[in-house]
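> Predicted coordinates and the sequence they were generated for:
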Amino acid sequence: MTFINVRPLAGTPLPQLAAHPLLRELAPGVLQGLCERAELRSYRDGEVVFHEGDAAQHWLLVTRGHVEVVRFGCDGSERVYHRFGAGQCVAEAAMFMAHGRYPMQARAVGSTTVWRLERQALRHACEAHPALALRLLEDFSRRLYHYINEVEWLTVSSAPQRLAAFLLRLSAQQGERLELPSSQRQLAAHLGIRAETLSRLLSEWQARRWLRGERRHWMLLDTAPLQQLAGALARSF
């Protein structure tokens, strides 16, 4: 059972929206329009924010905690596609999908608070202010290009190359001490490899002193071999 704390009158998401990279320098009236009937909602760890297939009537602005989006395979396995943190928007692209439904499930990671913003407010703002629509289109195009490259990478890369690239990306965000954003089984699914293969690679790399740790906590000791693996198929742009 999901317990949701709804606080529709608790301030406004205007300051957070104004700080978002896509929304900076927009006129205050545009941002105010996006905030119409906004609701502040709180979720406990693991609670579902919206289900795949639900009517996509709202997009989210994370203020505390994290929201991760996942999809489930026919065999019941799940793949975590992305994790959004404070200051990031979730599901804004779904507000423009013709079928009008969320393409993935979203759930809270840890104690999480989000602003829930209305679909129609975003669409009306884009119709009235082309600059906002262009910014969103540029961001959607950037993400589409990223996923095209990711599909190609998953098609032609090996399991060691995928894991090395993932660890280096994570290190760019967290430093030498890493905390995996999900369990090793979920990470394996995200990378498109078997959980047993992931476990074997981590054990082998630990024996070679490239890294050390266990479960979700690791430290990179030697990034050179990881960079060599990940850079074999790197694109120039």
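That came through, no problem.
> which helices and strands does the top helix by length along the chain pack with?
If you go by DSSP state H, the chain has its longest helix at helix 130-156. Secondary-structure packing of helix 130-156 (3 or more Cβ pairs under 8 Å, 6 or more residues apart in numbering; DSSP states H and E): helix 119-128, helix 159-174. Glycine gets a C-beta too; all of them are placed from N, C-alpha and C.
> Turn the ones you listed into CSV, including distance to Ala19.
Shown next, in CSV, are the helices and strands packed on helix 130-156 (distance: least, Cβ to Cβ, whole Å):
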stretch, distance to Ala19
helix 119-128, 17
helix 159-174, 19
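> To Ala94, which of those lies closest?
Nearest to Ala94 among the helices and strands packed on helix 130-156 is helix 119-128; the distance by Cβ to Cβ comes to 8.3 Å.
> Which residue ranges of this protein form helices?
14-19, 28-34, 119-128, 130-156, 159-174, 184-191, 195-207, 224-230.
> where among those is the average confidence lowest?
Mean pLDDT is lowest for helix 184-191 among the helices of the chain, at a mean of 81.
> Show me what it is packed against.
strand 78-84, helix 159-174, helix 195-207.
> Identify whichever of these lies nearest to Gly29.
strand 78-84 (26.7 Å).
> quick one: buried residues of the closest one?
By neighbour count on 16 or more other Cβ atoms under 10 Å, the buried set for strand 78-84 is Arg79, Val80, Arg83, Phe84.
> go on, stretch 125-139?
Applying a neighbour-count criterion of 16+ other Cβ under 10 Å, one finds Ala125, Cys126, His129, Leu132, Ala133, Arg135, Leu136 buried in stretch 125-139.
> Please tell me I have it right and Ser111 contacts Asp45.
Yes: counting by Cβ atoms under 8 Å, Ser111 does reach Asp45; the two are 6.5 Å apart.
> picking up where we left off before, can I get the buried residues of stretch 125-139 in a markdown table with distance to Gln206?
Below are the buried residues of stretch 125-139 laid out as a markdown table (distance: Cβ to Cβ, whole Å):
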| residue | distance to Gln206 |
| --- | --- |
| Ala125 | 51 |
| Cys126 | 50 |
| His129 | 53 |
| Leu132 | 48 |
| Ala133 | 49 |
| Arg135 | 44 |
| Leu136 | 43 |
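> tell me which of those residues is nearest to Ala106?
Among these, Leu136 lies closest to Ala106 (Cβ to Cβ), at 19.0 Å.
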